Each structure stands twice: as C-alpha cells, then as structure tokens.
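Chemist: I need the structure of the sequence given here:
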Amino acid sequence: MLRTLRHRYQSLSFHFCAVALLSFLLAIALSLHLPLAVKALDLRDLLRIIPSAIQIIQLSNLSDQDEVALGQSIDQQIKTQVRISRNPRANQLVKDLGQLLVRSSDRPDIPYTFQVVEDRNLNAFATMGGFVYINTGTIAAADNIAQLASVIAHEIGHISGKHALEQMRQMAIARGIATVAGVQDDRLVNIGVQLALRLPRSREAEFDADRRGVFNLARAGMAPQAMPAFMQKLERGDGGTPDFLRTHPATGDRINALNEIIRQNSLSGTVGLNDREYQQEWRRL
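Modeler: Take a look at the predicted model:
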C-alpha cells in the first residue's frame, strides 16, 4: 500500500508540475498578445496553444546571426521576382551611401547588403538581416545625394527597428504556424518575401523608420531636411505617390512629423545638396 501511495503521489506531483509549466507558458503567450480569448481553458486547450507560444518566443528573440541567415534566404527568393541592376556605378553609389549611413545608424553591428533593382518605378524596400533594395527609378527621381540617402536611411531604420521581424511574428500567429524547422523554413521565408515586396508597414513602423532615418542622416553629416523634401517632392509629382510612400500614415503627416523632429532637435547637415552634379549624372538612369 505504501508503494501504491508513493506512486500516486509521484503521479500527482508530475501532473501538478506539468500544469504549472503549462500555466506559465500560457501566461507568456498571453503577454505576447496571442489572439486567444481569456477564458477557462482545459488541459487540451493548453496543449494546443503551447507550440504557438514557443514559436512566438523564438521569433521575438531571434539572434542577429539567425536574423541574417533568414534575411539571406528571403533575399534569394526576392531575386527570383525582381531584376537586380548590373549597372556597376549605380550599385556602387547605393552601396557607398548605405555603408556611410550604417556606421552612424542605430544598428551598425550586422552586415548590410545594398542592391539596386532595375525598375523605373519609384520604390525602395528592405528585409531583415540588413538587406536593402533601391529601384533605379528612385535614384533618377532624387534631386541630390542627400535625398537618395534619405530613402536608404529610412530603409535602414526599418532594419534597426526590426519591423519586419515583428510583422512576421504577427503573421505567423495569424496563420497558426506553430513550429518551424529553423530560420530557413519555407513558410517563414515566404512571409518575409510578402512583407518585403507586397505588404505595407504599420503606422508606427513608418514613423519609427522616419525618425531613425532622419537622425541617421544628421549623424552622418548629410542634410536631414532632404528626407521631408524628397517626400514632399514625390507627393506632389505628376506620377502619383510611389509605392514606398503609399502607406499608412499619410505622407503629409510624415512630412510634418519629420519637420518637427528636425526643428525640435536642431538637426543640421549640408553634405549631399549639389543638385546640378547629381542630376547631370543620374537623371536619365
């Protein structure tokens, strides 16, 4: 009988520990804003949500090395859907500006890759792990080096703020992706490609990337006023608002916010404002 009682006690202890662990994981999941109703849950409910909680924790705490590896996989897929320019001068221009800005960015300790996309449409985008893409149409539309740098700085701001990672986490939750084999899991890569090429950023992410970008410009000695100037120039252009400005919040709100940041923080810089030299070289790209 003593052996039977001991066995039952051990069994109860095991179940108690299991329930305690499940409750702890549930608390973590709810703190991470899982879309679950806060209701009385039985053991089967807890077992059902734990894999999702674990996955969300993994995405929320991805190491820099894993983020770069995931970005490389996404980059490989992006290159099957866009045409990377073979213009060596255009690529060198964007790379040089990008590396200058990386040194004064909020996140200079990961490798960055800057690429030019052969596309006359005005667009720029980025994905996690330091991958930035600038359309040839954006290079041609800029009035000067500082305006082009402002677009690159904005995209670096998205990487610094880990905005794509946060969006990926939210989409993984929405799609019920519970477990992955690793950062090269096709489902994560596909989400990353969609985020880079087709889905707009949130209002908070756009404001944050603008703020990070304009401070980055000023720290690099570039003219910070080039960022709102470029947005204003494109907003009133005959070709309509480009893809990378056609996001929520409205471009006018972003311009006002940038001008206020520049004024309140007395941001200044003069590098990159030679319009004539830039336009003679790049206007017909």
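
Chemist: Give me the nearest residue to residue 212, chain neighbours excluded.
Modeler: Residue nearest to residue 212 in three dimensions, not counting chain neighbours: residue 157, with 3.4 Å by CB to CB, 6 or more residues apart in numbering. For the C-beta atoms, the positions are set from N, CA and C on the backbone; glycine is no exception.

Chemist: Residue 187 too?
Modeler: Spatial nearest neighbour of residue 187, excluding adjacent residues (CB to CB, 6+ apart): residue 177 at 5.6 Å.

Chemist: Is the one you found in a helix, a strand, or coil?
Modeler: At residue 177 the chain is in coil, as set by DSSP: H, G, I helix; E, B strand; the rest coil.

Chemist: Give me the distance between it and residue 63.
Modeler: The gap separating residue 177 from residue 63 is 19 Å, by CB to CB, to the nearest Å.

Chemist: In this structure residue 81 contacts residue 190, no?
Modeler: No: if you go by CB atoms under 8 Å, residue 81 and residue 190 don't touch, sitting 11.6 Å apart.

Chemist: more neighbours, these two?
Modeler: Using other CB atoms under 10 Å, the more surrounded residue of residue 81 and residue 190 is residue 190, with 13 against 10.

Chemist: Show me what secondary structure element comes after the helix or strand that one falls within.
Modeler: Per DSSP states H and E, residue 190 falls inside helix 186-197. Later in the chain than helix 186-197, the nearest helix or strand by DSSP H and E is helix 203-219.

Chemist: isn't residue 101 right next to residue 221, touching?
Modeler: No: contact status for residue 101 versus residue 221: not in contact, 10.5 Å apart, counting by CB under 8 Å.

Chemist: which of these two has more neighbours?
Modeler: Higher neighbour count among residue 101 and residue 221: residue 101, with 26 against 14, using other CB under 10 Å.

Chemist: roughly how far apart are that one and residue 177?
Modeler: From residue 101 to residue 177 the distance is 34 Å (CB to CB).

Chemist: next one: residue 200
Modeler: Distance from residue 200 to residue 177, by CB to CB: 21 Å.

Chemist: One more: residue 142?
Modeler: When residue 142 is compared with residue 177 (using CB to CB), they lie 39 Å apart.
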